[in-house]
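Asks: coords please:
(chains A, B, C and D)
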2 protein chains.
Amino acid sequence: MSSTNRASSDDEFIVVREILSRLGDKWSVRVIHEAAGEPIRFTDLKRKIERSTPISSRVLTRTLKQLERDGLVTRRVYPVVPPRVEYRLTELGQQFLHHAQEIMGWTMEHQTAFETARREFEAQTTEQ
Amino acid sequence: MSSTNRASSDDEFIVVREILSRLGDKWSVRVIHEAAGEPIRFTDLKRKIERSTPISSRVLTRTLKQLERDGLVTRRVYPVVPPRVEYRLTELGQQFLHHAQEIMGWTMEHQTAFETARREFEAQTTEQ
DNA sequence: CCGCATCCATTACGATACTG
DNA sequence: CAGTATCGTAATGGATGCGG
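Replies: Numbering: from 1, shown residues only, chains lettered A, B, ... in the order given. This is a model prediction of the structure:
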């Protein structure tokens, strides 16, 4: 099983889990979705997201930094006044988005199943 | 078919995100993986997981409760002494596992790309 | 055997105010 | 415009001990 001289089979999973975590956190997928296509500026990105939910610049910044760190988006600074910073998806980011959309599609297909499961669970744990 | 509670397109995404969160949390995928196939008892599950990493019963219990609530695993109690409780994947859980494995596969394929991206990011943010 | 109760550490999220 | 600094709250993960 855990055969080769690859440190430990656990170490490999650290990066994997950290990438998977992007699927589960509140903003990453949304940001990646909005950053697909044309490069987009920070404030435009913020405004786009805020068409449905408020996001503080602190949180958006942090999310973008993580995505940049993981190689899913690139950040390009133009040395002009006022500042101009553009974010865009990398190839890796686009593939990630693709996978994310697949699972989201599956989840949405089975949404009623999830909701039913939850109601049943509540019913069971509530009864005396 | 209560199409009336479709309030905003955001509401739909709450359940979606909660399911996606299972991909990102520390234990869900692992538990689901170990629960695939034969039904498995609580302590056996714990021991299996602990072949690689310690997990407290509190955390395992909480993870299982969530998965049960979302309809990904079922919990069956046998009224015997000592207690016997078996967990097993539902159809939904198996599909979930399938999707999870796909993304994990993709992530592992590009693992070196992620690691490289991180090193470059560090290098950039470190330089004066 | 299968948990739950308690307590603690760490991290995510968020509102607000302020700068190059 | 594109962030950082500061503060506070909530959720998650974990160690340990008890109980049917």
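Asks: For chain A, which residues are neighbours of DNA strand C?
Replies: Residues of chain A lying near DNA strand C by C-beta under 7 Å from any atom of the strand: A:25-27, A:54-59, A:62-63, A:82-83. For the C-beta atoms, the positions are set from N, CA and C on the backbone; glycine is no exception.
Asks: and which of those residues is nearest A:Gly93?
Replies: Nearest to A:Gly93 among those: A:Thr63, at 12.8 Å, using C-beta to C-beta.
Asks: Run a quick neighbour tally on the closest one.
Replies: 22 (other C-beta atoms under 10 Å in any protein chain shown).
Asks: and it, what does it touch?
Replies: For A:Thr63, the contact set (C-beta atoms under 8 Å, 6 or more residues apart in numbering or on different chains) comprises A:Asp25, A:Trp27, A:Ser28, A:Val31.
Asks: I'd like the average pLDDT over the longest helix seen in chain A.
Replies: The residue-count maximum for a helix in chain A (DSSP state H) belongs to helix A:91-109. Across helix A:91-109, pLDDT averages out at 96.
Asks: Report the buried residues of it.
Replies: Under the neighbour-count criterion of 16 or more other C-beta atoms under 10 Å in any protein chain shown, helix A:91-109 has A:Leu92, A:Gly93, A:Phe96, A:Leu97, A:His99, A:Ala100, A:Ile103, A:Met104, A:Trp106, A:Thr107 buried.
Asks: Please list the residues outside the next helix or strand after it that contact it.
Replies: Helices and strands here follow DSSP states H and E; after helix A:91-109, the next one along the chain is helix A:111-126. By C-beta under 8 Å, 6+ apart, the residues outside helix A:111-126 that reach it are A:Thr107, B:Glu12, B:Val15, B:Val16, B:Ile19, B:Glu68, B:Arg69, B:Asp70, B:Gly71, B:Leu92.
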